[in-house]
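J.: build me a structure from this.
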Amino acid sequence: MDKMSTLEYINQMFPTEASLSGVEPLMQKIQSEIRRVDAGILAAVRQQSNSGTKAKEDLAAASHAVEELTYKIHEIKTKAEQSAMMVQEICRDIKKLDFAKKHITTTITALHRLTMLVSAVEQLQVMASKRQYKEAAAQLEAVNQLCNHFEAYRDIPKITELREKFKNIKQILKSHVFSDFSSLGTGKESEETNLLQHLSDACLVVNALEPSVREELVNNFCSRELTSYEQIFEGAELAKLDKTERRYTWIKRRMRTNEEIWKIFPTSWLVPYRLCIQFCKKTRKQLEGILDYLKEKPDVATLLMALQRTLEFEDELAEKFGGGTQSREIGNDIEEIGRQNNSQSASDIRKKYEKKLAAHQGSENEEKGGNKDLSAPGAGFNFHGIISSCFEPHLTIYIELEEKTLMENLEKLVQEETWDVEEGSQNNILSSSMQLFLIIKRSLKRCSALTKSQTLYNLFKVFERVLKAYATKLFARLPKGGTGIVAAATGMDGQIKMSDRDERVICYIVNSAEYCHKTSGELAESVSKIIDSQFADQVDMSEVQDEFSAVITKSLVTLVHGLETKFDAEMAAMTRVPWAALESVGDQSGYVNGINMILTSSIPVLGSLLSLIYFHFFLDKLASSLGPRFYMNIFKCKQISETGAQQMLLDTQAVKTILLEIPSLGRQTSGAAGYLKFVCREMSKAEALLKVILSPVDSVTDTYRALLPEGTPMEFQRILELKGLKKSDQQSILDDFNKGAPAISQPSSVAPLGQAMPPAPPAATVPTISNPASVGFIASREDVLTRAAALGRGAATTGFKRFLALTEAAKDRKDGPFRKLFNA
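T.: Below is the predicted model:
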């Protein structure tokens, strides 16, 4: 406690003189507290001194205990070593006796088995000499087991002698068995009743011998069975393609006749199975020779008949022995080609994809099993193609016949095509396109039943050529010629004059090309599923689909060409109107009514026949043609007065409204937002052009730059001519325009049909006018835009000054007969 705190404490305890009487009691209390604290400190010091001494004593005691424990552990370890030595001394003699017993037992067992081996070999030798196959088979098993026991003693002379003797006996048994089996099939089995049982016992001996003996015996038997087949069908009489079916009849009759006799073979030997494999290989070799050495091309019917019978025989073998069965879903996949799937239920779609998944899993299982033992039926050996594949290189004539037939059918279908659809038809597709794919499906079914290799791929290429030829036929049916902007873009000459029937035919061609585009893709998908895997990646219909896409595009462009031709008369009528002599603004002009009649008669039919996507494509093409054409047609007119410009603005708004109502006329309004935006943009250019024509002479330059920033000096000069200015007056305005305007490199020309029109820049992006002298009494571009928008608000028809006065007076009005024309 510092000095100030002490003083504060004292002042607090004795605030007055009267309180000083308590000083003595307080001093006594403090001294008593000091004595108590001193006593506590002394006791603590004494306790600390005693604790240090006790800790030293405890540490010394712990060290002594550790030394005692170490001594006891060492003593126990010494006693354990002594005990181990004692146990070894005790068991030493016992271990010697145990080894001796084990050796004696092994020797006795070996001698006993040696005796058995000697006896068994002697008995086996007697059985072999007497051809007692059944007993010899059992004895062979016993001798084999005994020989395995003496495998470690093979260097001992006696054992070597016995093994050599056993080997000779097995060779004797093999020669006896092969000799006895040579009589099988010679007719002796019918004379000697017990011969089959004897040979059945011989099979037991063969099973007891090495596996190579069984393989050799089966191969010899199969070769002997097929010797007569080779002799019969290598002769000149039967070595012909039309005798192929007799080959399969021979082997089936042979197997049926000898079925009972061949039961002597164990089922595990698979003798009929191996016989059929060898038969197929020999047959394939002989058929290859026949086909290769034909002096002229074989008859297609004979070739296909031989192939068909071969495939049927392979199917029978696959069904009999298992393995390599063909997929039964091929026909279903082909039937899916060209079907209208729009109304499929969820269950139908689920079943379809479940089938696809099952087929995919089945193909994976076949691939996984490809490395299995081919000698066992059902283990992966595929009878399909073992013979029929030799026909593959010679099926070119079949493909040529199919192509010829398809082309003839195509020509017939096109000739018989009425280019119309039945009344009430839902798809509006030409019958020739559907009939063509039905013919293609039948051709695909025929070929896939015969082969799924190179020939099927060649047929697929034929399908490509046929479909391309059909696309060419559709293309040739389109009306020829063209005119105007579309003709300049496409290079077509002449006008397209289309009737209402021509328009319907073009729509049918579009729908048919769309159907062919979709169905050709389904055809490629189906072929890729059924064709061999090495050709699946090459199956592609993209070129054919591109051909039909080109037909669709060409048809829609032709449709626009036809409508454009119909508009020629109305556009010409527009240029013949005396725009300079009009005295008042009235209803829309006659040429606008003509445009409306053309679209009203054509668009509903087109909208009902075309699909939504192609109708919108057609609209985009029409807008990209008619909008810019209307704009350019204004330049073709003669002088335009103020009243004429106002009338033309009214006509422009009417044409714009007609174009905006086209999706509603076609009853396909969904997704037409892009078209509507494009029409508004293109027709706004024509409105801007007319506003420039309406602007005063002293501000026409700035108005043109503000409303048509992409305009060219040539167009500007033409506008001055439309306003009726003399050459001398035009020159000064042109000089001001050329001085104040930045270089314009892009002419405001009409984009070709099929290209997107450039977007009109907003008014806010108009370049600032650099030459103040050309501005006149309008101080800024905002004033220019305001004045340009104000044009048309008034209803004046006499004099430019009167027109300006009324415009200024009505500047703040929000209504007026022409307000809507300038606020689109």
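J.: isn't L690 up against L650?
T.: No: using C-beta atoms under 8 Å, L690 is not in contact with L650, being 9.8 Å away. Bear in mind the C-beta positions are built from the backbone N, C-alpha and C, glycine included.
J.: counting neighbours, go ahead and name the busier of those two.
T.: Neighbour totals were compared for L690 and L650, and L690 leads with 28 against 22 (other C-beta atoms under 10 Å).
J.: just how off-centre is stretch 178-186 within its chain?
T.: 61 Å (C-alpha atoms, centre = their mean, to the nearest Å).
J.: what mean pLDDT does the strand or helix carrying D502 get?
T.: Applying DSSP states H and E as the criterion places D502 in helix 500-530. Summarised as a single mean, pLDDT over helix 500-530 is 91.
J.: packing partners for the next helix or strand after that helix?
T.: As assigned by DSSP H and E, the chain's next helix or strand after helix 500-530 is helix 533-536. Judged by 3 or more C-beta pairs under 8 Å, 6 or more residues apart in numbering; DSSP states H and E, helix 533-536 is in contact with helix 454-477.
J.: and the helix it packs on, what's buried?
T.: Buried residues in helix 454-477, counted by 16 or more other C-beta atoms under 10 Å: 454-460, 462-464, 466-467, 469-471, 473-475, 477.
J.: any regions of the stretch 201-350 of the chain where pLDDT drops low?
T.: Scanning the stretch 201-350 of the chain for pLDDT under 70 picks out 235-238, 295, 323-350.
J.: err, the chain, not the other one
T.: 1-4, 185-193, 235-238, 295, 323-381, 423-426, 481-494, 668-669, 671, 740-824.
J.: looking at this protein, which helix is longest?
T.: If you go by DSSP state H, the chain has its longest helix at helix 23-130.
J.: V300: neighbour count?
T.: 14.
J.: kindly report the same for the one 5 residues further on.
T.: The number of residues packed around M305, counting by other C-beta under 10 Å, is 15.
J.: if we can go back for a sec, after the longest helix of the chain comes which helix or strand?
T.: helix 133-149.
J.: tell me which element the closest residue to S182 other than its chain neighbours is part of?
T.: Among residues not flanking S182 along the chain, R224 sits closest, at 7.8 Å (C-beta to C-beta, 6 or more residues apart in numbering). Secondary structure assigned from DSSP H and E places R224 in helix 211-233.
J.: my guess is L26 meets M13, correct?
T.: Yes: between L26 and M13 there is a contact under C-beta under 8 Å: 7.1 Å.
J.: quick one: secondary structure of L725?
T.: Using DSSP: H, G, I helix; E, B strand; the rest coil, the structure places L725 in coil.
J.: I figured it hits P696, correct?
T.: No: taking contacts as C-beta under 8 Å, L725 lies outside contact range of P696: 11.9 Å.
J.: burial check on the closest residue to L117 other than its chain neighbours, number of neighbours?
T.: Nearest non-adjacent residue to L117, counting by C-beta to C-beta, 6+ apart: L146, 4.3 Å away. A count of nearby residues for L146, using other C-beta under 10 Å, gives 19.
J.: what's the answer for L478, then?
T.: Using other C-beta under 10 Å as the criterion, the residues surrounding L478 number 18.
J.: contacting residues around the nearest residue to it once chain neighbours are set aside?
T.: In space, and not counting its chain neighbours, L478 is closest to T558: 5.0 Å by C-beta to C-beta, 6+ apart. By C-beta atoms under 8 Å, 6 or more residues apart in numbering, the residues touching T558 are L478, P479, G482, I496, I506.
J.: CA atoms of stretch 159-179 as CSV?
T.: Extracted in CSV, the C-alpha atoms of stretch 159-179 (Å, rounded to 0.1, in the frame of the first residue of the first chain):
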residue,chain,number,x,y,z
ILE,A,159,11.6,-98.1,-60.3
THR,A,160,12.9,-96.9,-63.6
GLU,A,161,12.4,-100.4,-65.0
LEU,A,162,8.9,-100.7,-63.7
ARG,A,163,7.9,-97.3,-65.2
GLU,A,164,9.3,-98.3,-68.5
LYS,A,165,7.4,-101.5,-68.4
PHE,A,166,4.2,-99.6,-67.6
LYS,A,167,4.8,-97.3,-70.5
ASN,A,168,5.1,-100.2,-72.9
ILE,A,169,1.9,-101.7,-71.5
LYS,A,170,0.0,-98.5,-72.2
GLN,A,171,1.4,-98.4,-75.7
ILE,A,172,0.2,-101.9,-76.2
LEU,A,173,-3.3,-101.0,-74.9
LYS,A,174,-3.4,-98.0,-77.2
SER,A,175,-2.6,-100.1,-80.3
HIS,A,176,-5.2,-102.7,-79.3
VAL,A,177,-7.9,-100.0,-78.8
PHE,A,178,-7.1,-98.3,-82.1
SER,A,179,-7.1,-101.6,-83.9
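J.: show residues contacting it.
T.: 117-118, 121, 124-125, 128-129, 131, 133, 136, 140, 143, 147, 150, 153-154, 202, 205-206, 209, 213, 217, 220.
J.: endpoint to endpoint, stretch 717-726 covers what distance?
T.: One end of stretch 717-726 sits 11 Å from the other (C-alpha to C-alpha, to the nearest Å).
J.: re the thing from before, now do the longest helix of the chain against helix 133-149, angle only.
T.: Inter-element angle recorded for helix 23-130 and helix 133-149: 140 degrees (by axes from the mean of the first three to the mean of the last three C-alpha atoms, to 10 degrees).
J.: what is helix 23-130 packed up against?
T.: Under the contact criterion of 3+ C-beta pairs under 8 Å, 6+ apart, helix 23-130 touches helix 133-149, helix 157-181.
J.: ok so, going back, of the contacts of stretch 159-179, grab the buried ones for ChimeraX.
T.: Entered in ChimeraX, the line below selects the buried ones among those, by 16+ other C-beta under 10 Å:
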select :117,121,124,125,128,131,133,136,140,143,147,150,202,205,206,209,213,217
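J.: roughly how far apart are the residue with the shortest distance to the centre of the chain and S443?
T.: Geometric centre of the chain, nearest residue: E525, 10.8 Å, by C-alpha atoms, centre = their mean. Between E525 and S443 the distance is 17 Å, computed by C-beta to C-beta, to the nearest Å.
J.: ok, now A581?
T.: Here the criterion is C-beta to C-beta. By it, A581 lies 71 Å from S443.
J.: higher neighbour count, the two?
T.: More crowded of A581 and S443, by other C-beta under 10 Å: S443, with 19 against 11.
J.: what helix or strand is that one located in?
T.: Using DSSP H and E, S443 maps to helix 431-450.
J.: quick revisit: distance to K240 for the contacts of T558 - can I get that in JSON lines?
T.: Formatted as JSON lines, the contacts of T558 follow (distance: C-beta to C-beta, whole Å):
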{"residue": "L478", "distance to K240": "54"}
{"residue": "P479", "distance to K240": "58"}
{"residue": "G482", "distance to K240": "63"}
{"residue": "I496", "distance to K240": "62"}
{"residue": "I506", "distance to K240": "57"}
